[in-house]
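Chemist: sequence and predicted structure below; questions after.
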Amino acid sequence: MEFTITEDQFNGCLSNFNRLLIDNLTYQPDRESNTSFELKFITNYLKSSPSISYTKIELIQNHKQSKDLNKRYGIEFTISFHELYKVPIFYFRLYDNDTLILFNEDLLSQLSEILSYKGYNVPNFLIESHHIYQEPWLSLHPCETSDFMTEFIKSNEQANEPQDMSIKYLLGWFTNYGLSSIYPRLSLRVNNLQNS
């Protein structure tokens, strides 16, 4: 059985997904490092017509040896439905302190070091025009999303478990095609969908 999410289903569950994102997105620190970060939501809102979730988070460095070394990284991202591919799509931009850095190898490398695990291969992303804002953003191309997500949903189904498949789809999608796929130390773990 193929499971896809329609634009109506996406629109219908985006508000609930957004609440789960705010309540459950966490930063998993590297226990071997002297540096950790505090995750802070700066902006989060939903917009309709077309439906989009916009979020800006900040990672504030807490260096254990000196407060002078504190640094802030910002990650701005959107979750929306792509009309051509008929799947959710994730766009993001990065900030070094308050400066927008669309594509900077050093910053990407620093963030990958901070927010990924040793040996983790960050997926390839590209610079393209945001399909709603019509400005350059980074994104993961959505061309294989539908096939992957059908397999993901099939392999994660549990018998007799009542749940909203659209929310389950978006949670799985966010892990595999959203922020957590690029920076796995930013984790979205929802323990109980029935109470959400």
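Modeler: All right, it came through fine.
Chemist: neighbours around the residue nearest to Leu186 when sequence neighbours are not counted, how many?
Modeler: Spatial nearest neighbour of Leu186, chain neighbours left out: Leu179 (5.4 Å); criterion: Cβ to Cβ, 6 or more residues apart in numbering. Bear in mind the C-beta positions are built from the backbone N, C-alpha and C, glycine included. Residues lying near Leu179 (other Cβ atoms under 10 Å) number 22.
Chemist: likewise Pro29?
Modeler: Using other Cβ under 10 Å, Pro29 has 14 other residues around it.
Chemist: on the C-terminal side of the helix or strand bottoming out on mean pLDDT in the chain, identify the next helix or strand.
Modeler: Ranked by mean pLDDT, DSSP states H and E, the helix or strand of the chain with the weakest confidence is helix 105-115, at a mean of 69. Using DSSP states H and E, the next helix or strand after helix 105-115 towards the C-terminus is strand 126-129.
Chemist: what helices and strands are in contact with whichever helix or strand comes after that next one?
Modeler: Counting by DSSP H and E, the next helix or strand C-terminal to strand 126-129 is strand 136-139. Contacts defined by 3 or more Cβ pairs under 8 Å, 6 or more residues apart in numbering; DSSP states H and E place strand 136-139 against strand 87-96, strand 126-129.
Chemist: between those strands, which one is closest to Ser139.
Modeler: Closest approach to Ser139 among those is made by strand 87-96 (4.7 Å; Cβ to Cβ).
Chemist: for the following helix or strand past the closest one, what is the average pLDDT?
Modeler: Using DSSP H and E, the helix or strand that follows strand 87-96 in sequence is strand 99-101. Averaging pLDDT along strand 99-101 gives 81.
Chemist: count of neighbours near Leu84?
Modeler: 9.
Chemist: which strand or helix spans it?
Modeler: Leu84 belongs to no helix or strand, assigned by DSSP H and E.
Chemist: just Ile22 next, same as before
Modeler: Ile22 is part of helix 7-24, with elements assigned from DSSP H and E.
Chemist: once you drop chain neighbours, what's closest to Asn97?
Modeler: Closest to Asn97 by Cβ to Cβ, 6+ apart is Arg72, at 5.2 Å.
Chemist: so that neighbour bridges to which residues?
Modeler: Legend: beta-bridge partners of Arg72 under DSSP bridges are Ile60.
Chemist: that concludes my questions; thank you for your assistance.
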